[in-house]
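Participant: Sequence below, structure please.
(chains A, B, C, D and E, ligands or ions: 5)
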Amino acid sequence: MTALLEVRGLRVVFDGFAAIDGLDLTVEEGELRFLIGPNGAGKTTLIDVVTGLTRPAAGSVRFGGQELVGRREHRIVRMGVGRTFQTATVFEELTVVENLDLADSFRLPLRSLLRRRRGVSDAVASALETAELTALADKPAGVLSHGQRQWLEIGMLLVQRPKLLLLDEPVAGMSRSERERTGELLHRIASTHTVVVVEHDMEFLRKYARKVTVLHQGHVLREGSVTEVQEDPRVREVYLGRAKGKAVT
Amino acid sequence: VDEPGGGAGAAGDEIKVGLLHSLSGTMAISEVTVRDAELLAVEEINAKGGVLGKKVVPVTEDGASDWPTFAEKAQKLISQDRVATVFGGWTSASRKAMLPVFERNKALLWYPVQYEGLESSPYIFYTGATTNQQIVPALDYLASQGKKKMFLVGSDYVFPRTANKIIKAYAAAKGIEVLGEEYTPLGHTEYSTLVNKIADAGPDAVFNTLNGDSNVAFFKQLRGSGITPQTTPVVSVSVAEEEVKGIGPENVAGHLVAWNYYQTTTTPANDAFVKAFKAKYGADKVTSDPMEAGYNAVYLWAEAVKKAGTTEVEAVRKAAGGITIEAPEGTTTIDGDNQHVAKTARIGLVQADGQIKEVWSSPGPIEPDPYLKGYDWAGGLG
Amino acid sequence: MTWGRISLVACVVLLALAPLALSPFRLGLLAKYLCFAIVAVGIALAWGRGGMLTLGQGVFFGLGGYAMAMYLKLEEAGPGGLPDFMVWSGVEELPALWKPFGNPVFALAAVVLVPGLVAFLLGLLVFRQRVRGAYFAILSQALAAAFVILLIGQQGLTGGTNGMTNFSRFFGLDLTDPNGQRAVYAITALLLGAMFLVAKLLVRSRFGRLLVAVRDGEDRVRFLGYDPAVVKTVTFTVSAVMAGLAGALFVPVVGIISPALLGIVPSLELLVGVAVGGRFVLAGAIAGAIAVNYAKTLFSEDFAEGWLYLQGGLFVLVLVFAPKGLAGVVDSLRHRWSSRGRTAPTPVEVAA
Amino acid sequence: MGALANQLPIGLSIAAVLLLIALGLTFTFGQMGVINMAHGEFIMAGAYTAYLLQGLTSQSFLVALPVAFAVAGVMGLLLEWSLVRRFYGRPLDTLLLTWGVSLVLQQLARDVFGAPNVQVTAPGWLVGGIDVLGVRLPYNRVFIIVLAVVCVVGVWLYLTRLPAGRRMRAVVQDRELAAYSGIATGRVDRFTFLLGSGLAGVAGVALTLVGPVGPSLGTFYIVDAFLVVVAGGLGQLRGAVLAALALGFLNSYLEFWTDASLAKVLVFVAIIAFLQVRPQGMFVLKGRALV
Amino acid sequence: MLSVSEVDAAYGRARVLFGVGLEVPAGSLVCVMGRNGVGKTTLLKTVMGTLTPTAGRITFDGQDITRLPTHLRVRAGMAYVPQGHVSFPQLTAWENLRVTLEATGHRDPAAVDEALDVFPALRELLKRPAGFLSGGQRQQLAIARALITRPRLLLLDEPTEGVQPSVIDEIEAAIERLHREAGVTVLLVEQYLDFALRLADSFVVLDAGEVVHAGAARELHDEEVRRMLAV
Ligand SMILES: Nc1ncnc2c1ncn2[C@@H]1O[C@H](COP(=O)(O)OP(=O)(O)OP(=O)(O)O)[C@@H](O)[C@H]1O
Ligand SMILES: Nc1ncnc2c1ncn2[C@@H]1O[C@H](COP(=O)(O)OP(=O)(O)OP(=O)(O)O)[C@@H](O)[C@H]1O
Ligand SMILES: NC(N)=O
Ligand SMILES: [Mg+2]
Ligand SMILES: [Mg+2]
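Facilitator: Ligands and ions are numbered 1, 2, ... in the order given. You can find the predicted model right below:
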């Protein structure tokens, strides 16, 4: 296995406050990595930096050997990095299919963009199925419920066919059964892609995680298997809480 | 289907005439009252039995301070309302926009405001001053007062630019130094820098061709600057009683203006005009040169129609030459060749009460010379 | 046939019959409205679809108009001659900027390329820096103000406030002759049709969807791998080219081009038609532009002094009661018609 | 050299005028997101208030300041209550809406006061000027500078120190959440509009010292006022002050070296250039949410 | 204390609630449950008055509040933590709290301290604009903001979403304290069954905008209810 994502000496400063401070992180090709850590540890900020939304004060982010820092967002997407957002954002006035189709078409040259969409590509069709949105395909995304929106967003990420997927709290606010579905989907995707997931849901983590990285105050506190991480007293101290680390089953 | 040209407008027992001025926008400040004066003249003429036994019916249109609108509305008055003639315009820009419309349709426009000359359309009668009846006498007056260094300030459009071209030719010939020449957009209101430039240059006099609202800002901002009428008078050619009112007399008092008529001009016709105007529009209203020129225009046209016996354009044009009326400004005669009128030039001093006192006048009406053919120094112009 | 098709055909027939039914003066006015309708198509694209409220469309209208006017003026002045305004502005030699405009091919290309290029450069500078919404609107408004001041300040080059007027020929057509005027009308109507089709195709394409996405979530679009600045710049450029073409035809139609047509107020008036007609629907924008300009002519003829009340009042009413314009009203009427009988839930007000 | 030095206070006074007219917009535009094109007409209303009041008392000019605040403020309040409140969240529509209103108000002024300009006589103590170190300072300019400073400080205190200011910012940022926090949002909206419009009225009184008083008064200033707010960054008082100063000095020196027309064009070019360097100056981060 | 009867609600044309009825006795802790998109948030918004019901009646303390403006409901003693980490983004965290304090009836500054004691992590963030806070930090702020009003009825819409496990414990403890010690009545929407189970006295299950089940908390162990909550 080779390193797909290499973060080295990363530092992000906002108004004198270092949200990320000396972070190093390596994600191998094909990995399913979970990222956890206290509120404000810098998880979302890390994703923001990798995807070009935030500029670091120092450090480098290499993706497949290429530097990402300094590139514009859409360039990074075109290199094969995709993400979702902590609160799902879809285009409410466009239909579900159109949302997916746009995510699928970014590789088309401007010339073909000027043509009308005819039918649905295979990728879009299968994403519709995966997200169980086939019945709602021609509805504007604005009418979707919270959970369906999150699914649509995951679907859009899938048709984008990125090499690296960054998911920011994909199951937050989802009902129990939808969490399960998402978890299974994650597993399937992870067999062919590299995936980084940020989550606070420990139940979900225990069920689907292999390798976990714990961030704290902008740097890596611990890296290891679910059990290793869970037993680590420092992780308990800053993140899990004294009593409940294993109380919840 | 429309047929071009005038001669129309006299259907039945009415004669329709168009009044085309800006009733909205920046120029409304000046033009509304001109329209009022024209309406007064129409009313008076009708009271005396009309023209050719027919009642004169005014059709009002708004040029909206927008030159293309002037052209469009002129076309509408001509081809839709079939007016016998149009009285209208203020800025030279509006006149230039209307000119092709009148020429193409062979219809008549009466233009009532002082302007930059160098024009003589067969389908326009110019009842305001051309340059040799206003600007040149003003320059002569300044020269006679020993003013040797001048600063030129104007709005950025054809009238001020052309006027200043003439002033510079004059200055070059008469050994007057032009220290600066500055233009600001119409409607500009920030003059502190310009005032500073003037103070820095230190002229004997400022020649002001600003138009409209800008005058207010200019004079208000000039006042605190230390430049006084005693040391450096400003002579304005587009500031009349109406504008003085808006500027605030205390801000312009002591400065000079150049026109052909003031409310204070003493002629029997003027007494009647001022009285009638105040009676119709309110005692606090003032009369001014462009208003008077608009008022005259209606009378001059009426006389020409009477002489021609028809409102037909070519006949009226032919009849117009030599038509004379006793206007508020004095005897006024149409020059048949260039369709301007002979006018008396008057230099005035703005008083603290807002009225303008005549301090000099030409010995008699000056024949119009729009191309300044009678002036050697003006050889290179137009 | 759908309702849309039927009304489209009806409009085409009406426009085709107009030269037979209207006096040359009225036909000229209609042609003028059609020019504004062409601009409206561009605005509906940029604003309705792309969310770019451009308050400076007069600039592009002007660029197209001046390019055309320069050619016509030179044509009229003849070889070696000077346009009339240069003579009275004291210009003695034809300025270098003017020289290529003697060539009709160059002038026609300039009508398209100059507004397009200016919009492209400006769009790139502004959109890449993520200026949007109200900021873009105000910036474009300032652009209109600056452009007008620039034009006015260069009297020898542009005719200053007067602009250029007095055109009698247009590519061999006699503009003083009713037949020449009819021909110009026909060209304008055809161009409007062509622009409508171009816009329609654009809206229906993937690019059109992308544009809507950019309007509703510009930042999100970046994460789909598109550069919103490019999408916006392209659209802005297309709408500018439409305005430029309209300006170029305006010159023979109305016979004048001047800064007074290009400033902030005229640019806003261009928007009014689009807003009244409905900015989300191309046909609505066209209908709105024609209707509002017709209303302006009508009102200002009959109530010259009350025109501003009517214009302002009408505008406020439309925005308050029909925020999606006439097209929105038509749409909801159609909706009500088709859902009659069924019980529709009463709309609920979201109070805060 | 003397003239060049003179441009300094001129730049300052242009900045003061710009700031005074733009200050009200920090409320209606900066805080509420309403592009109020009728702001210019509220300025006009303030100026006409000064016109109507003159001669009534010996210090009618000073009396006009609070009265104009009230008159323009109430006009703003009525505008908010009758129309603008239906338009929250649709800033671009408010632009068109208030433009319609501004046309009506202009015509109304024309019908009530007549198309020609009216005159407001400056009080005696504002006539003339003094020379400081060879630099000429007209009293009316000094007055405007002082008034601008007073208003800026007042607005700053209001926005940052007073509960009412906090409430206002809260409502603007999230109307629904503000209601959940117990804030009477409707009342806050109206009051905010009243303040912003009232400041326009005050500016109108001050402008009678240096410019024309007529129906078109507002149109002369409105574009510049919006530019100041935009260049300064929306809702940023500090930004607006800096932008006004920058535009003031830029204007004064560019006009000195070139002319008034070119200066205006160059200022626009400068703003576009500034954008390339500091795009953040032009918009405010609304947190980390995507737009 | 709160009674919702036969309430219908809609967003424009889309009807979401159908004759919902609900009783929240004083001093109780009622949990609303249901799958995604069944109308839980809509119900709370209707109770808070940002959505006016098209039919039905809502009373608080025996008073009809169906048409009462939201801010008056808050002053009457209701507080609401909306779903999804909402804050005033450009106000600092401190200002977020302060502005709420000033708008409430009691205006006791000690309330701010009490709220911050529940979320000590917030103390270091007070000067930061809330829009810059992380999702979980904002959620903590949102709950703190509601506590500041010293409500008698507290409505929480998925309060644990995006919050780290240890803080979820803190929230649980705080709700418990408020409920047991201060006697605050609580209406809770929660997806975490365990969290809900530990706190609630009684529960209501919504499905497709209708109440399909209501009962005491212990019944929640019933397989039937679990099934109801599944897709
Ligand atoms: N633009 C900004 N300005 C100031 N501080 C910021 C900014 N963006 C983020 N922060 C701070 O940086 C820290 C890291 O935030 P981040 O969103 O990455 O946390 P997180 O790990 O995703 O937390 P959570 O689990 O709550 O989502 C937080 O303390 C946050 O307040
Ligand atoms: N603003 C809106 N406009 C139109 N429909 C809406 C709106 N908000 C919600 N809905 C619809 O109303 C229904 C109920 O939504 P609500 O947010 O109340 O669900 P919920 O039970 O809170 O779901 P979740 O668990 O995902 O938060 C959903 O079908 C949703 O699509
Ligand atoms: N003729 C003028 N004053 O424009
Ligand atoms: Mg996060
Ligand atoms: Mg919900």
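
Participant: Check which helices and strands the helix ranked longest in chain E is in contact with.
Facilitator: Under DSSP state H, the helix in chain E containing the largest number of residues is helix E:165-180. In terms of contacts (3 or more Cβ pairs under 8 Å, 6 or more residues apart in numbering or on different chains; DSSP states H and E), helix E:165-180 is packed against helix E:110-118, helix E:135-148, strand E:153-157, strand E:185-189, helix E:193-199. C-betas here are computed from N, CA, C, even on glycine.

Participant: ok now the second one, how far from the chain's centre?
Facilitator: When C-alpha coordinates are averaged (Cα atoms, centre = their mean, to the nearest Å), helix E:135-148 and its chain have centres 12 Å apart.

Participant: who touches the residue most central in space within chain E in this structure?
Facilitator: For chain E, residue E:156 is the residue whose C-alpha lies nearest the centre (Cα atoms, centre = their mean; 1.7 Å). The contact partners of residue E:156, taken as Cβ atoms under 8 Å, 6 or more residues apart in numbering or on different chains, are E:80-81, E:143, E:146, E:175, E:186-190.

Participant: and the angle from the longest helix of chain E to strand E:185-189?
Facilitator: Angle, helix E:165-180 to strand E:185-189, by axes from the mean of the first three to the mean of the last three Cα atoms, to 10 degrees: 140 degrees.

Participant: Helix E:165-180 versus helix E:110-118: what angle between them?
Facilitator: 140 degrees.

Participant: buried stuff in helix E:165-180?
Facilitator: For helix E:165-180, burial by neighbour count (16 or more other Cβ atoms under 10 Å in any protein chain shown) applies to E:165-172, E:174-175, E:178-179.

Participant: and what of stretch A:183-201?
Facilitator: Neighbour counts using 16+ other Cβ under 10 Å place A:183, A:185-186, A:189-190, A:193-201 of stretch A:183-201 among the buried residues.

Participant: ok, of those residues, which one's closest to residue D:222?
Facilitator: residue A:198 (47.6 Å; Cβ to Cβ).

Participant: I'd guessed the closest one sits against residue A:43; true?
Facilitator: Yes - using Cβ atoms under 8 Å, residue A:198 is in contact with residue A:43, at 4.7 Å.

Participant: what is in contact with these two at once?
Facilitator: A:35-36, A:168.

Participant: burial of the closest residue to ligand 5 within the stretch 151-291 of chain D, as a residue count?
Facilitator: Using Cβ to the ion, the closest approach of the stretch 151-291 of chain D to ligand 5 is made by residue D:176 at 14.2 Å. Neighbour count for residue D:176, taken as other Cβ atoms under 10 Å in any protein chain shown: 19.

Participant: Please apply the same query to residue A:129.
Facilitator: 11.

Participant: which residues in the chain form helices?
Facilitator: As the question left the chain open, I've gone with chain A. A:43-50, A:73-79, A:96-105, A:110-113, A:122-130, A:146-159, A:176-190, A:202-208, A:226-231, A:233-235.

Participant: looking at chain C here, not the other one
Facilitator: For chain C, applying DSSP H gives helices covering C:3-21, C:24-43, C:57-77, C:84-89, C:104-128, C:133-153, C:155-158, C:178-204, C:206-222, C:228-254, C:264-277, C:282-302, C:307-321, C:325-338.

Participant: Least confident of the ones you listed, on average?
Facilitator: In terms of average pLDDT, helix C:325-338 trails the rest of the helices of chain C, at a mean of 77.

Participant: Which strands or helices does that one pack on?
Facilitator: By 3+ Cβ pairs under 8 Å, 6+ apart, helix C:325-338 packs against helix C:264-277, helix C:282-302.

Participant: Mean neighbour count, these: which tops it?
Facilitator: Here the criterion is mean neighbour count by mean count of other Cβ atoms under 10 Å in any protein chain shown, and of the helices and strands packed on helix C:325-338 the winner is helix C:264-277, at a mean of 26.

Participant: Summarise which helices and strands that helix is packed against.
Facilitator: Where contact means 3+ Cβ pairs under 8 Å, 6+ apart, helix C:264-277 is packed against helix C:24-43, helix C:57-77, helix C:133-153, helix C:282-302, helix C:307-321, helix C:325-338, helix D:91-113.

Participant: a markdown table for those helices, including distance to ligand 5?
Facilitator: Listed next are the helices and strands packed on helix C:264-277 as a markdown table, based on distance: least, Cβ to the ion, whole Å:
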| stretch | distance to ligand 5 |
| --- | --- |
| helix C:24-43 | 39 |
| helix C:57-77 | 43 |
| helix C:133-153 | 29 |
| helix C:282-302 | 36 |
| helix C:307-321 | 33 |
| helix C:325-338 | 29 |
| helix D:91-113 | 28 |
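
Participant: Most tightly packed of these?
Facilitator: It is helix C:57-77: most buried of the helices and strands packed on helix C:264-277 by mean count of other Cβ under 10 Å, with a mean of 27.

Participant: wait, does it contact chain D?
Facilitator: No - Helix C:57-77 lies out of reach of chain D by Cβ under 8 Å from any Cβ of the partner chain, never closer than 11.5 Å.

Participant: what packs against that helix?
Facilitator: Here helix C:57-77 touches helix C:24-43, helix C:104-128, helix C:133-153, strand C:164-165, strand C:169-170, helix C:228-254, strand C:256-257, helix C:264-277, going by 3+ Cβ pairs under 8 Å, 6+ apart.

Participant: ok, 7 Å please
Facilitator: Counting contacts by 3 or more Cβ pairs under 7 Å, 6 or more residues apart in numbering or on different chains; DSSP states H and E, helix C:57-77 is packed against helix C:24-43, helix C:104-128, helix C:133-153, strand C:169-170, helix C:228-254, strand C:256-257, helix C:264-277.

Participant: Could you check how far residue D:229 is from residue D:32?
Facilitator: The gap separating residue D:229 from residue D:32 is 12 Å, by Cβ to Cβ, to the nearest Å.

Participant: How about residue C:246?
Facilitator: Distance check for residue C:246 against residue D:32: by Cβ to Cβ, it reads 35 Å.

Participant: Please say which of the two ends up with more neighbours.
Facilitator: The neighbour comparison of residue C:246 against residue D:32 (other Cβ under 10 Å) goes to residue C:246, with 32 against 24.

Participant: ok, the more buried one - contacts?
Facilitator: By Cβ atoms under 7 Å, 6 or more residues apart in numbering or on different chains, the residues touching residue C:246 are C:35, C:38-39, C:61, C:64.

Participant: who's in contact with the nearest residue to it once chain neighbours are set aside?
Facilitator: Nearest residue to residue C:246, sequence neighbours excluded (Cβ to Cβ, 6 or more residues apart in numbering or on different chains): residue C:38, at 3.8 Å. The contact partners of residue C:38, taken as Cβ under 7 Å, 6+ apart, are C:191-192, C:195, C:242, C:245-246.
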